[in-house]
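Colleague: predicted structure and sequence below. I'll ask about it afterward.
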Protein chains: 2
Amino acid sequence: MSDSTATQAEVKSQKRTLAVIDCDVHIQPVSYDEIKAYMRQPFRDMFNLFKGRGIFDNPLGRTTIKGNTPSGGPIASDPNHLREQLIKPNNIETAILSPWIYADFFSDPDFKAEINAAFNSWVHDKWLNSKVNYDGVFKASITVSHQDPNLAVKEIERWAGHPDFVQVYLDSGSRAPLGQRQYWPIYEACERYGLPLAIHVGTDGLGGNSRFTTGFPNRYVEWLTLVPCNFQAHLVSFLTEGVFERFPGLRMVLLEGGTFWLPGMLWRLDALYKSFRFEIPWVKKLPSLYVKDHIRFGTQPMHRPDNDEHFRYLLEVIDAENIMMFSSDYPHFDTDVAAEIFPRNISDQMKNKIFYENAKAFYNL
Amino acid sequence: MSDSTATQAEVKSQKRTLAVIDCDVHIQPVSYDEIKAYMRQPFRDMFNLFKGRGIFDNPLGRTTIKGNTPSGGPIASDPNHLREQLIKPNNIETAILSPWIYADFFSDPDFKAEINAAFNSWVHDKWLNSKVNYDGVFKASITVSHQDPNLAVKEIERWAGHPDFVQVYLDSGSRAPLGQRQYWPIYEACERYGLPLAIHVGTDGLGGNSRFTTGFPNRYVEWLTLVPCNFQAHLVSFLTEGVFERFPGLRMVLLEGGTFWLPGMLWRLDALYKSFRFEIPWVKKLPSLYVKDHIRFGTQPMHRPDNDEHFRYLLEVIDAENIMMFSSDYPHFDTDVAAEIFPRNISDQMKNKIFYENAKAFYNL
């Protein structure tokens, strides 16, 4: 939740006027046995190993929205309850469903692929069937792992063409910067099927992945503060490897990795590009210029400073109006509520673009 | 060099009025045999191994300021020439000398300590003697390595009390985040002797150090763009480990690691502190509040965007006036010239503090 100073009246007024597309809504099964039911052996038994992410599990628990759904499962496991708790009160027209599975914690590429495939099948059967998704409010992600790009492509091909699977989803935890060419078959498939690529915080530096900091951080608060650095590394990798020159139709959204590091990072990269473009001749223009055409950023977690003016400065500098898309990250401890993330005096145009228009265009909704 | 739009007249006017303290001036020997002469065996012979940093050496070479000094050595090896080329034209009252040695590339803590000790002895004999430093313009760094904190403390104790050694200097390349408690003996010694701690870009992720990105970056431009992420990790480590509560007299300057990431990082850390302070009960206030009291940032490399207004926004948001100290990084390819780093209409007060007053207070000059 942001440190909001919005008044009740302001909140109500925004609720009345704004239609919202929420780009990051996590869903989970009542029990992970539901997911395992889709797995083949020996993976079904191996999945018993799954005990969360090991170190750097959130010490506040998996969600702050506690309690069960009326049907008896954990939060975000019941489509009807999710409609009541999230969709209706926030005037959400479309919810882009994100997985709640950490396949990338593991090390075996076949195991990872099986976990993702099972999760995607479960999403398809439980959330996208016509009885549950009668109005099309739910759009879903094709969750894949980076480690074996060919298996990822196979999984993309299983679902591409389904009208409600609207993006390919990668965990930002990885073994190498994600712009590197070994991962390009995934991006080629995204472009071929017109599916945007989402990269979302997950198992960064954990399990079978490479660390993203010098040595281990000591605590969750440190790990979570630093995750945006991993996003910076991925983004710099995409930009310097020339991924958007190679795949001009590729569009990408970065979720939960922050945005206010953009000025420091892009000003630096643009300046260094002028000195070192001979290293990366396939990059045809200032790296920052690729951002607006190809990349969007989820808003959550929207951390507001005490000084609203400083916050507005940063929104202007990063061109928030054109690159941000609202995301709640429901139902995690730091879920953002659409009507509360901005201070007063943010223009209606900016709000309309961030809460609605940018995502509508990005996902071709 | 910054992308300056300053006019010649503006440059000349600033030169006339501003006294400058330059917090990052690198010096090197005519030949590294000068340094080796101070080493004991077997380290003197082992130092023949030194071939730069391995991968991620700057493909533009060690300096952009090419050519030799009139006395025949490489640039920055001759105190008289350095006075002519840097000190006089830029009205520099004090130059804080930084090492040009990469002991932290290696893995053996005794070897590292010997390299640093030899370099410090060479600095003392060549740059701080009364014939060369007759006016006290040169102040120097006690270069140490993090890996064996007890050896670092021993080296600090060799020089503490010398009026011209004004700080302890650590490479930001390391094996773990530098705020962790295994390194605290170094900070205890800094506090005990009233010596600020400088942390400077060097062997980040190279040689015997831990990588600071997920997997290896592929090229120098990528490595150099991402180095600020390692600084963020170190700073978050200092703040979450409570180093400034444990050593309230400790002051620290971060050199070459950027500053414009501060809003994103500090807003995030402050917000997460509110949720997770139970993990770090020794942190007594919002982490961002430690910055102004304890931490300064070198200006170089000062990357300016096209939009001067955006640049000014960021200077205001990060409180540049109170936390920045001018540094040129002479004589590297991206040396900043004092009169060129800022656009017009930066207040005289801000300039005076950044170019002079902040460093004067920080180093008790």
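Modeller: Good, I have the coordinates.
Colleague: do a quick rundown of the helices in the stretch 251-365 of chain A.
Modeller: A:262-276, A:289-294, A:308-317, A:320-323, A:348-352, A:358-362 (DSSP state H, counting those that start in this stretch).
Colleague: residues near A:P149, how many?
Modeller: 19 (other Cβ atoms under 10 Å in any protein chain shown). C-beta here means a position set from N, CA and C on the backbone, and glycine is covered the same way.
Colleague: that one and A:R181 touch, don't they?
Modeller: No. Taking Cβ atoms under 8 Å as the definition, A:P149 is not a contact partner of A:R181, at 10.0 Å.
Colleague: picking up where we left off before, which of the helices of the stretch 251-365 of chain A sits closest to A:I35?
Modeller: Closest to A:I35 of the helices of the stretch 251-365 of chain A is helix A:358-362 (Cβ to Cβ; 27.4 Å).
Colleague: tell me what A:T94 is bridged to.
Modeller: A:T94 forms beta bridges with A:I21, as assigned by DSSP bridges.
Colleague: can you pull out the low-pLDDT segments for chain A?
Modeller: The model of chain A has pLDDT under 70 over residues A:1-17, A:50, A:62-65.
Colleague: longest helix in it, by number of residues?
Modeller: Longest helix in chain A by number of residues (criterion: DSSP state H): helix A:220-240.
Colleague: surely A:R246 is in contact with A:W282?
Modeller: Yes. With contact defined as Cβ under 8 Å, A:R246 counts as touching A:W282 (7.5 Å).
Colleague: compare those two (neighbour count), which wins?
Modeller: Higher neighbour count among A:R246 and A:W282: A:R246, with 14 against 11, using other Cβ under 10 Å.
Colleague: chain center to the longest helix of chain A: distance?
Modeller: With Cα atoms, centre = their mean, to the nearest Å as the basis, helix A:220-240 stands 13 Å off its chain's centre.
Colleague: quick check: next helix or strand after it?
Modeller: Once the chain leaves helix A:220-240, the next helix or strand it forms, by DSSP states H and E, is helix A:243-246.
Colleague: need the contact partners of that following helix.
Modeller: Residues from elsewhere that reach helix A:243-246, judged by Cβ atoms under 8 Å, 6 or more residues apart in numbering or on different chains: A:179, A:184, A:187, A:238, A:250, A:282-284, A:290, A:293-294.
Colleague: now the residues you listed: which count as buried?
Modeller: Neighbour counting by 16 or more other Cβ atoms under 10 Å in any protein chain shown classes A:179, A:184, A:187, A:238, A:250, A:283, A:290, A:294 among the contacts of helix A:243-246 as buried.
Colleague: hmm, back to that, point out the other helices and strands that the longest helix of chain A packs with.
Modeller: Where contact means 3 or more Cβ pairs under 8 Å, 6 or more residues apart in numbering or on different chains; DSSP states H and E, helix A:220-240 is packed against strand A:252-255, helix A:262-276, helix B:220-240, helix B:262-276.
Colleague: which residues are in contact with the second one?
Modeller: Going back to what we said before, that points to helix A:262-276. Here helix A:262-276 has contacts from A:232, A:235-236, A:239-240, A:280, A:283, A:286-288, A:291, A:314, A:317-318, B:3, B:59-60, B:219-221, B:224-225, B:228, B:258-262, B:264, B:301, B:303-305, B:310, B:314, B:333-334, using Cβ under 8 Å, 6+ apart.
Colleague: are any of the residues you listed buried, and if so which?
Modeller: Neighbour-count burial (16+ other Cβ under 10 Å) applied to the contacts of helix A:262-276 gives A:232, A:235-236, A:239-240, A:280, A:283, A:286-288, A:291, A:314, A:317-318, B:219-221, B:224-225, B:228, B:258-262, B:264, B:301, B:303-305, B:310, B:314, B:333-334.
Colleague: ok, the closest residue to A:F238 other than its chain neighbours to B:H81 distance?
Modeller: Excluding the flanking residues, the one nearest A:F238 by Cβ to Cβ, 6 or more residues apart in numbering or on different chains is A:G179, at 3.7 Å. Distance, A:G179 to B:H81, using Cβ to Cβ, to the nearest Å: 43 Å.
Colleague: mind checking what secondary structure A:S174 has?
Modeller: For A:S174, the assignment made with DSSP: H, G, I helix; E, B strand; the rest coil gives coil.
Colleague: how much space separates the residue nearest to A:D148 when sequence neighbours are not counted from chain B?
Modeller: Nearest residue to A:D148, sequence neighbours excluded (Cβ to Cβ, 6+ apart): A:P109, at 3.8 Å. Using Cβ to the nearest Cβ, to the nearest Å, we find A:P109 at a distance of 16 Å from chain B.
Colleague: now do A:Y183
Modeller: For A:Y183, the distance to chain B - Cβ to the nearest Cβ - is 11 Å.
Colleague: go on, A:M39?
Modeller: Separation of A:M39 from chain B (Cβ to the nearest Cβ) stands at 28 Å.
Colleague: isn't A:K292 up against A:E321?
Modeller: No. In this structure, A:K292 is not within contact of A:E321 by Cβ under 8 Å, at 10.6 Å.
Colleague: tell me which of the two has more neighbours.
Modeller: A:E321 (18 against 11).
Colleague: grab the nearest non-local neighbour of the more buried one.
Modeller: Leaving out its chain neighbours, the residue that sits closest to A:E321 by Cβ to Cβ, 6+ apart is A:M350, at 4.4 Å.
Colleague: one more: A:G67?
Modeller: Leaving out its chain neighbours, A:G67 is closest to A:I75 (Cβ to Cβ, 6+ apart), at 6.8 Å.
Colleague: got it, and A:V201?
Modeller: With Cβ to Cβ, 6+ apart as the measure, A:E256 is the residue that lies nearest to A:V201, at 4.1 Å, once sequence neighbours are left out.
Colleague: phi first, then psi, for that neighbour.
Modeller: Dihedral pair for A:E256: phi 80, psi 10, per degrees, to the nearest 10.
Colleague: tell me the contacts of it?
Modeller: By Cβ under 8 Å, 6+ apart, A:E256 lies in contact with A:24, A:200-201, A:227, A:298, A:300-301, A:327, A:329.
Colleague: now, which of these sits nearest chain B?
Modeller: Of all the contacts of A:E256, A:P301 has the smallest distance to chain B: 7.1 Å, by Cβ to the nearest Cβ.
Colleague: quick one: that closest one and A:V337 touch, right?
Modeller: No. Counting by Cβ under 8 Å, A:P301 stays clear of A:V337, with 11.9 Å between them.
Colleague: which SS state does A:L178 fall under?
Modeller: coil.
Colleague: again, but for the one 10 residues further on
Modeller: In three-state terms, and counting by three-state DSSP, A:E188 is helix.
Colleague: distance check, it against A:G179.
Modeller: To A:G179, A:E188 is 14 Å away according to Cβ to Cβ.
Colleague: over to A:G161?
Modeller: For A:G161, the distance to A:G179 - Cβ to Cβ - is 27 Å.
Colleague: contacts only, for A:N209.
Modeller: A:104-105, A:173-175, A:203, B:214.
Colleague: now do A:N120
Modeller: Neighbouring residues of A:N120 by Cβ under 8 Å, 6+ apart: A:140, A:142-143, A:155, A:158-159, A:165.
Colleague: 7 Å instead, please
Modeller: A:142-143, A:155, A:159 (Cβ atoms under 7 Å, 6 or more residues apart in numbering or on different chains).
Colleague: how about those, which pair is most distant?
Modeller: The span of these, defined through Cβ to Cβ, is set by A:T143 and A:W159 at 9.8 Å.
Colleague: all helices of the stretch 51-200 of chain A, in order?
Modeller: In the stretch 51-200 of chain A, the helices defined using DSSP H, counting those that start in this stretch lie at A:79-82, A:109-127, A:149-159, A:184-193.
Colleague: I'd like to know which of those helices is closest to B:S98.
Modeller: Nearest of the helices of the stretch 51-200 of chain A (Cβ to Cβ): helix A:184-193, 40.7 Å.
Colleague: can you list contacts of the closest one?
Modeller: With contact meaning Cβ under 7 Å, 6+ apart, helix A:184-193 is reached by A:144, A:146, A:149-150, A:152-153, A:156, A:160, A:168, A:196-197, A:243, A:246-247, A:249-250.
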